[in-house]
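# Provide a 3D model corresponding to the input given below.
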Amino acid sequence: MSTETVLRPEPAPTASAAIESTATATAPAPATADPASATADPATADPAPAGTVPAVPPARRPRFARLAGRAPARPAPGAAFHSVSAATAALFALVALGAAIHEPVLIPPLAASAALVHCAPALPLAQPRSVILGHLLGAATGYAVAALVLGGAWGAALAAGVTLALTTLARTPHSPACSTAVVIVLQNPAPGRFVPLLFGSTILLVLAAWAASRVRRGAPRYPAYWW
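Prediction:
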């Protein structure tokens, strides 16, 4: 009997076995947690790469800063003193004129006009065209409403609205002119004396503002336009 070993061929692997062996060979090895990194202190972590900007939380406005609003900043003390003193001097001049002729020349609308021409000389409301013609339109409207419609508070309100419309159409915006119409309807002054004094007072205010703008160096020139 022969002692040689008979070699038999191994069977070929099946398709499923081949797929399993390929998947096993290509599957990534499971990641192992690094104990050192898991227990690392954030304070001792590596700094951010150079060139990166750390995130900064948005700045919050102080609570009391909101109360200031969006109004413009205060003028310089010298400019404020110049404007206020010039307006006050012009009003004193109107009082002196009234005392000399024994007539009440200073009325509330003229005080408002003085504040405009001295404290906001660049606005269209403060220009000579608006100051002089605006008050004349307000006076004409006040007398017309008092004569044709009615007096009292209802007539005064109507006169103010009509004056506002007329000054807008005439390109002479001047809010104190509406007050002139109200004063005329409520008090009914004699037009022969009131209108000339009103006209002269507006010219005085314009000339005073023109002179005051040339006294202080650096002050805005008044007027921006005459007509």
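
# So, low pLDDT: which residues of the chain?
1-66 (pLDDT under 70).

# List the buried residues of the helix ranked longest in it.
Ranked by number of residues, the top helix in the chain under DSSP state H is helix 77-101. The neighbour-count criterion (16 or more other Cβ atoms under 10 Å) identifies His82, Ser83, Ala86, Ala87, Ala90, Leu91, Ala93, Leu94, Leu97, Gly98 as the buried residues of helix 77-101. (Each C-beta comes from the backbone N, C-alpha and C, glycine too.)

# Off-centre distance for that helix?
Helix 77-101 has its C-alpha centroid displaced from the chain centroid by 29 Å (Cα atoms, centre = their mean, to the nearest Å).

# Against Arg129, how distant is Thr163?
Relative to Arg129, Thr163 is positioned 16 Å away (Cβ to Cβ, to the nearest Å).

# for Pro220, same thing?
18 Å.

# Compare neighbour counts for these two and give me the winner.
Arg129 (18 against 12; other Cβ atoms under 10 Å).

# you'd agree that one is up against Thr172?
Yes: the pair Arg129 / Thr172 is scored as a contact, 5.6 Å apart, by Cβ atoms under 8 Å.

# can you dump the C-alpha coordinates of stretch 205-218 into PDB?
Taking Å, rounded to 0.1, in the frame of the first residue of the first chain, the C-alpha atoms of stretch 205-218 are listed here in PDB:
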ATOM      1  CA  LEU A 205     -35.600 140.900  12.100                       C
ATOM      2  CA  VAL A 206     -34.000 140.100   8.800                       C
ATOM      3  CA  LEU A 207     -31.500 143.000   8.900                       C
ATOM      4  CA  ALA A 208     -30.600 142.100  12.500                       C
ATOM      5  CA  ALA A 209     -29.900 138.500  11.500                       C
ATOM      6  CA  TRP A 210     -27.900 139.600   8.500                       C
ATOM      7  CA  ALA A 211     -25.700 141.900  10.800                       C
ATOM      8  CA  ALA A 212     -25.300 139.200  13.500                       C
ATOM      9  CA  SER A 213     -24.100 136.600  11.000                       C
ATOM     10  CA  ARG A 214     -21.200 138.900  10.100                       C
ATOM     11  CA  VAL A 215     -20.100 139.900  13.600                       C
ATOM     12  CA  ARG A 216     -18.900 136.500  14.800                       C
ATOM     13  CA  ARG A 217     -16.100 134.800  12.800                       C
ATOM     14  CA  GLY A 218     -17.100 131.400  11.500                       C
END
